[in-house]
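Participant: this one's sequence-less:
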Ligand SMILES: Nc1ncnc2c1ncn2[C@@H]1O[C@H](COP(=O)(O)OP(=O)(O)OP(=O)(O)O)[C@@H](O)[C@H]1O
Ligand SMILES: O=P(O)(O)OC[C@H]1O[C@](O)(CO)[C@@H](O)[C@@H]1O
Ligand SMILES: [Mg+2]
């Protein structure tokens, strides 16, 4: 018989497509295994505000296909402080909650780590478009966000080719170039600028000019926001070669919206159920992930202390194929 009788779930940090599918999976699996489930509104802020309510099977109906998060999300500064974390742990105890599932990114994981050190059984689920969480190949929302970027680049290509222009596309990913990399390879971008790889703007400008001379009719540059502003890059390129007619598109929060892809829905469903089953088995202070298709469990301490590797092979491939 499981020691876990009541669990809670929250979504934290920037929302991501598939968070709803993850919440649904947590709620429905918990109920299936005879566990009471509570939702916490607005992440750690809602926890501190005691915004905690029971969830049932119907409360997660009709959400698997919806972007955003029905639990809403927040960035809560109070929770970064030890007093906030202490208060959060006390509130969870007051509600009789024996396990907490935190769906969020690397920052949210740090909050879960702190709660776990305070004796709360926690499970992290990687929910962020950034794909910057270690010990998982993919985070929930990343695939959908990459799809949004690729769709936008497809459209930009049409008009850029007609006018023989360059398109500078600024994409999200605070400190991580994964959205830029995966969208860049999938959309055939000639240049991918990411925080993980140093670059020389003179070389980038020369390469773009040469590509036009070789007969290319457009040039796509994907810039991860961690590198700098697309507008500044465009200006710098034009200063090097005035022939480069570079136009900037900042995709912004559109990347965080829309219906999750089947990949994100399935990832979220598998991970949500896995988190519940692992809590029942007595696991705590862990992060759930997927590595080479297999669901994995890693100490959350290790996850928050490890920076995710950047895939240089994929980066070089993208450059090779876009000659
Ligand atoms: N060091 C920390 N200790 C405790 N809590 C933290 C810490 N860092 C972040 N958090 C909590 O997690 C929340 C979300 O973190 P953050 O804003 O970094 O987003 P995230 O979870 O990384 O998601 P994303 O990067 O996708 O927006 C913070 O607002 C804060 O409440
Ligand atoms: O929505 P906000 O708070 O402006 O945060 C934007 C940041 O959140 C992310 O979208 C991740 O959730 C980052 O890629 C981006 O830098
Ligand atoms: Mg983050």
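Facilitator: Right, received. Where do you want to start? Fair warning: this is a prediction, and the values are worked out from it, not measured in the lab. Ligands and ions are numbered 1, 2, ... in the order given.
Participant: residues of stretch 294-305 that come out buried?
Facilitator: 295, 296, 297, 298, 300, 303, 304 (16 or more other CB atoms under 10 Å). All C-beta spots, glycine's among them, are computed from the backbone N, C-alpha and C.
Participant: Can I get those in TSV including secondary structure and distance to residue 161?
Facilitator: Listed next are the buried residues of stretch 294-305 as TSV, based on DSSP: H, G, I helix; E, B strand; the rest coil; distance: CB to CB, whole Å:
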residue	secondary structure	distance to residue 161
295	strand	43
296	strand	43
297	strand	48
298	strand	45
300	helix	47
303	helix	43
304	helix	44
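Participant: Determine the number of other residues adjacent to the residue of the stretch 1-150 of the chain found nearest ligand 3.
Facilitator: At 3.3 Å from ligand 3, residue 105 is the closest residue in the stretch 1-150 of the chain, using CB to the ion. Applying other CB atoms under 10 Å, we find 25 residues neighbouring residue 105.
Participant: Just list the residues touching it, thanks.
Facilitator: 12, 13, 14, 126, 127, 128, 130, 132, 133, 139 (CB atoms under 8 Å, 6 or more residues apart in numbering).
Participant: got it, and residue 75?
Facilitator: Counting by CB under 8 Å, 6+ apart, residue 75 has contacts 12, 13, 43, 107.
Participant: swap in residue 80?
Facilitator: Counted by CB under 8 Å, 6+ apart, residue 80 has contacts residue 111.
Participant: Quick check: nearest residue in space to the residue in the stretch 51-200 of the chain that ligand 2 sits nearest to, chain neighbours excluded?
Facilitator: Closest approach between the stretch 51-200 of the chain and ligand 2, counting by CB to the nearest ligand atom: residue 172, at 3.3 Å. The spatially closest residue to residue 172, leaving aside those adjacent along the chain, is residue 255, at 5.1 Å (CB to CB, 6 or more residues apart in numbering).
Participant: Mind checking if stretch 175-185 is in reach of ligand 1?
Facilitator: No. Using CB under 6 Å from any ligand atom, stretch 175-185 never reaches ligand 1; the gap is at least 8.9 Å.
Participant: Got the confidence number for the residue of the chain most remote from its centre?
Facilitator: Relative to the centre of the chain, the most outlying C-alpha is that of residue 213, 38.1 Å out, by CA atoms, centre = their mean. pLDDT recorded at residue 213 is 93.
Participant: how near is whichever residue of the stretch 1-150 of the chain sits closest to ligand 2 to residue 214?
Facilitator: Nearest residue of the stretch 1-150 of the chain to ligand 2: residue 14, at 2.1 Å (CB to the nearest ligand atom). From residue 14 over to residue 214 the distance is 40 Å, taken as CB to CB, to the nearest Å.
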